[in-house]
Structure formats: structure tokens, C-alpha cells
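>>> sharing a sequence plus its predicted fold:
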Amino acid sequence: MYIAMNRFKVEPEHAKEFEQLWINREVNLHKEPGFLSFHLLRGPKRDDHVLYSSHTVWNSFVDFEAWTKSESFRKSHASAGGTTRKLYLGHPEFEGFEAIQEVLSDGSKSVLAAAE
């Protein structure tokens, strides 16, 4: 499993606009091979920003990487840096993670990737 996250520092006066932009956007991720889920997360509020993170879960890094090279990716990021740029401070910060272990609500657990 691979988790891809982008962190956004959004100016407080633009927080509602930022959320609405995400909530109302066209979503095509569910059509992509290996896509499992998406979350938009709101984090702590600071004096100069509210922290947000977009969080996608994929079957594998290979699936995530294929999506980044797809037409769907290009369409979903077409406005990035344009009108949306005024909503946040600096560039979004990407973080990608390979899942090592999973523990489920029933107490079961599994190792998802071996140590390198």
C-alpha cells in the first residue's frame, strides 16, 4: 500500500474557499487502477495559516506513479498554480509513504512491506 499526501498552508481568510474548491471539484480518482481512497484533512490553525492535507491511498507505488502520468492527473491539476495559488502560502509539500504494517479494528495485523 502507498499513501501520497500534499500539505497546504492556507491563509485563514481563504480556508472556506479552499475547502469548497476541493469539495466541488470533479473527481476521477475512483476510475484509476489501484486507487483505494481519498481524504481531505484539516489540521491545526496557526496565526498565518490553516494546515490541510490531501491524502490518497493506493494499492502500490506503481499504481500511484501511473496515475501521475495519466490524462486524469493532468486534468485534475490543470488549475494548480493558477487561480488556486492565491489560497495558500508557498508550494504544497508532497510526502509519499510505503505502508509497512496494518492493524485492523478486529485486532488483526499484517506486515505489508519487508524492511529494506
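Thanks, I have the structure now.
>>> with only the CA atoms kept, save the strand or helix carrying residue 6 in CSV.
Using DSSP states H and E, residue 6 falls within strand 2-10. What follows is strand 2-10, C-alpha atoms only, in CSV (Å, rounded to 0.1, in the frame of the first residue of the first chain):
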residue,chain,number,x,y,z
TYR,A,2,1.2,3.5,-0.8
ILE,A,3,0.0,6.8,0.8
ALA,A,4,0.5,10.1,-1.1
MET,A,5,-0.1,13.3,0.8
ASN,A,6,0.2,17.0,-0.1
ARG,A,7,0.3,19.5,2.7
PHE,A,8,-1.2,23.0,2.1
LYS,A,9,-0.8,26.1,4.3
VAL,A,10,-3.9,28.1,3.6
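>>> just want the angle from whichever helix or strand comes after it to strand 2-10.
Next in sequence after strand 2-10, counting helices and strands by DSSP H and E, comes helix 15-23. Relative orientation of helix 15-23 and strand 2-10, computed by axes from the mean of the first three to the mean of the last three Cα atoms, to 10 degrees: 150 degrees.
>>> quick check, distance from helix 15-23 to the centre of its chain.
14 Å (Cα atoms, centre = their mean, to the nearest Å).
>>> show me which residues of that helix are buried.
15, 18 (16 or more other Cβ atoms under 10 Å). C-beta here means a position set from N, CA and C on the backbone, and glycine is covered the same way.
>>> counting contacts, what elements does it pack onto?
If you count contacts as 3 or more Cβ pairs under 8 Å, 6 or more residues apart in numbering; DSSP states H and E, helix 15-23 packs onto strand 35-45, strand 50-58.
>>> circling back: for the strand holding residue 6, give me every contacting residue.
Identification of contacts with strand 2-10 by Cβ atoms under 8 Å, 6 or more residues apart in numbering yields 18, 48-61, 63-64, 87-90, 92-99.
>>> with stretch 33-41 instead?
By Cβ under 8 Å, 6+ apart, stretch 33-41 touches 1, 19, 22-23, 27, 29, 52-60, 62-64, 66-67.
>>> no further questions, thank you.
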